[in-house]
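Using only what follows, build the 3D model:
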Amino acid sequence: MSLLQGVNGMDPNFASYFVRYGSYTDRLVTPGRAYPRVVPVKYFHPYGWKVHLSSTNSVSQYPSFTSSAIRYGNYTDRLLPGVKVCRKIVPMKVEPNPIANFLKRLLSETDDETPIKTTSPETQHYFTNFSKPQTQLLYDISQEDSWGYLDSKILSKFLDTEVRIPRNSTKKAVHNVIPKMQAVLQVVNKQDPRFSSELVSSGSYNDKLQVGDPDEFDFLVPLEDFPEIFPTDTNDIPEYDADRDRVPVVVKQNYAFLLEDGAASLFSWISKDVSDHMDINTYLVNPIKVMSLFKKYIRKAVKHLELTDCITVCNHYQGTPALTLIVQQGNTETNVDLVPFIKDPYNYWHLEWPREGSTWPSAEKIDECKMMGVDLVAKETVFWRYSFSRIEKFLLEGIDADGGFRKASLRILKKIRIDYWESRFRKVLVSYHLKVILFWACENYPDSDFWCDLNTSFRRLVDDLIDYLSETNLPHYFVDEVNMFKTDNDSKLKLQELCEEVKKLRRNPEQYLSIED
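Numbers count the residues shown, from 1 in each chain. The predicted structure is shown next:
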């Protein structure tokens, strides 16, 4: 907006802000849902200038263009003509940008004193009474948010050669990791039946979104025989700050937990090795104690199985729900995260998701998600955080059954994050953030036509990523009051820096799609 403030300073007839406009005819607006920075919009400057397409008949001679105007696009798609894709008109940018090119030519042909009053013959856009500085500012705006040229063949080749993992590599890694983890958990379960021997696949491998080498795997470990969770007065817990995605786990003393002498059963969830006594018959299950106990059992199991030469148990850091193991085979190391979790401890669906007016996912899938329920993982010092891993896997299954490119676009973006942004920005933007952006995009653009082309699908995710970064706010998909981005001052600065880096990707995408020989 600083550019427009500069225009306003030179000529008060020009406002210093944009006005959003459009309706459901814009094809990208979800009925009944107006989400800030997500609903695609067009911009008209309120007072000083107007850009419009006077007639599309003039472009009908070119077979790539339709003969009827359509409304469309993210705010970056500034009034470019429509393109036929998959026999339907869908939003798409045209390369090169005709408006930017026309403005650039005007700048080269006009002196500083002569007002510009002409019509672009290529696009039939009218520019009236512009000074050269004003034209320069408009050109800068059009360049800042424009996509550079992106060849669909290069994008597809990058997906095939750099993103997709050969099946043999994945199969080999899985056969090395899973039998060892199953053996370790069976020993743990014999030591303490509260920890299940079941290995529930999770993460990118589980979601079929893994990119690069298959060197990371995530597994959930169910906590067995968990009692009913009771609501509690959070004022009794000083650390509580009303985050909507974390809860205390409070259980009541149950006579089934007691031995004949009235003492707690050794393996109950009210015993002091996993819980803190709050008041009469009420206990707070402590996530730190649970993770410490789990780590102790894992170490014992690895030693018992004589696997210390090929399995290293890493230190557990407070605030992370996973215990990391490094599995060695020859010169190959594989990181394995084991996450103890409470499976669906509630008897009802207590979240506000799905949002009113949304048409994705389908009603049938929503019912299935509610039947699965919300899980909990031990991520905080006192509180447990919601986990939607099982629901997310379910939503991703068949997400491209219509022939779309949702998952393919996400995997390309994940690969670019690893190659270009991870080393510098690390936890500022993680893989899970990108998956959340995909879920929001699926909800905001539910029509299959929006995902039938890899090029368009990829651009959509990148544009959405820039929007969230510029707002320094990525709402949790299931608990949208929660911002997935960290909001301290240092993190906000990093998010803004990353936003500029992603804009570089948008301006010159093929630079980020290098293919190794």
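
Quick one: low-confidence residue ranges for the stretch 151-300 of the chain.
231-243, 254-266 (pLDDT under 70).

Thr334 pairs with what?
Val327 (DSSP bridges).

Use 29 as the first number from now on
Okay, using 29 as the starting number, the last item reads as Thr362.

Settle this for me: it is touching Asp246, isn't it.
No - the pair Thr362 and Asp246 does not pass the contact test of C-beta atoms under 8 Å, sitting 11.6 Å apart. The way it works is simple: take the backbone N, C-alpha and C, and place the C-beta from them, glycine included.

buried sites along the helix or strand hosting Asp395?
Under the criterion of DSSP states H and E, Asp395 resides in helix 391-400. Across helix 391-400, burial judged by 16 or more other C-beta atoms under 10 Å covers 393-394, 397.

Next one: the closest residue to Arg274 other than its chain neighbours from Trp297, what distance?
Leaving out its chain neighbours, the residue that sits closest to Arg274 by C-beta to C-beta, 6 or more residues apart in numbering is Phe411, at 4.2 Å. Phe411 sits at a distance of 16 Å from Trp297 (criterion: C-beta to C-beta, to the nearest Å).

repeat for Arg327
The value you get for Arg327 to Trp297, if C-beta to C-beta is used, is 22 Å.

what do you get for Val364?
For Val364, the distance to Trp297 - C-beta to C-beta - is 26 Å.

same thing with Leu441?
Leu441 is 41 Å from Trp297, by C-beta to C-beta.

same deal with Phe467?
Counting by C-beta to C-beta - Phe467 and Trp297 are separated by 33 Å.

Could you do Lys328 as well?
For Lys328 relative to Trp297 (C-beta to C-beta), the value is 21 Å.

Equivalent analysis for Ile494, please.
Counting by C-beta to C-beta, the gap from Ile494 to Trp297 is 45 Å.

can you check Leu366 too?
Distance from Leu366 to Trp297, by C-beta to C-beta: 19 Å.

which of those two has more neighbours?
Higher neighbour count among Leu366 and Trp297: Leu366, with 25 against 22, using other C-beta atoms under 10 Å.

What are the phi and psi values at that one?
phi -110, psi 120 (degrees, to the nearest 10).

Backbone torsions only: list them for the nearest residue to it once chain neighbours are set aside.
Spatial nearest neighbour of Leu366, excluding adjacent residues (C-beta to C-beta, 6+ apart): Leu351 at 5.0 Å. When read as degrees, to the nearest 10, the backbone of Leu351 gives phi -100, psi 120.

Leu351 and Met319 touch, don't they?
Yes - between Leu351 and Met319 there is a contact at 6.8 Å, judged by C-beta under 8 Å.

Now do the helices in the stretch 429-545 of the chain.
434-444, 450-453, 459-472, 482-499, 517-535 (DSSP state H, counting those that start in this stretch).

Actually, the stretch 129-278 of the chain.
160-172, 180-186, 195-219, 231-235.

Of those, flag the one that's most buried.
Stretch with highest mean neighbour count among the helices of the stretch 129-278 of the chain: helix 231-235 (a mean of 20; mean count of other C-beta atoms under 10 Å).

burial measure for Glu380, as a count.
Under the neighbour criterion other C-beta under 10 Å, Glu380 is assigned a count of 12.

Can you check my assumption that it lies in a strand?
No - per DSSP: H, G, I helix; E, B strand; the rest coil, Glu380 lies outside any strand segment and is coil.

pLDDT value on it, please?
Confidence at Glu380, expressed as pLDDT, is 91.

Quick one: residues in contact with the helix holding Asp395.
372, 377, 382, 389, 418-419, 422-423 (C-beta atoms under 8 Å, 6 or more residues apart in numbering).

Mind checking which of those are buried?
Using 16+ other C-beta under 10 Å, the buried ones in these are 382, 389, 418-419, 422-423.

need the contact list for Met209.
So Met209 contacts 227, 247, 353, 364, 366 (C-beta under 8 Å, 6+ apart).

isn't Leu502 right next to Val464, touching?
Yes - at 6.2 Å, Leu502 counts as touching Val464 under the criterion of C-beta under 8 Å.

of the contacts of helix 391-400, closest to Arg222?
Asp372 (16.7 Å; C-beta to C-beta).

That closest one falls within a helix, correct?
No - per three-state DSSP, Asp372 lies outside any helix segment and is coil.

for Gly385, helix, strand, or coil?
What three-state DSSP gives for Gly385 is coil.

how near is it to Asn472?
The value you get for Gly385 to Asn472, if C-beta to C-beta is used, is 11 Å.

Looking at the two, which one has more neighbours?
The residue with more neighbours, out of Gly385 and Asn472, is Asn472; 20 against 11, by other C-beta under 10 Å.

So for the more buried one, what pLDDT did the model give?
Looking at Asn472, its pLDDT is 96.

those helices in the stretch 279-428 of the chain, which residues are they?
315-332, 391-400, 417-424.
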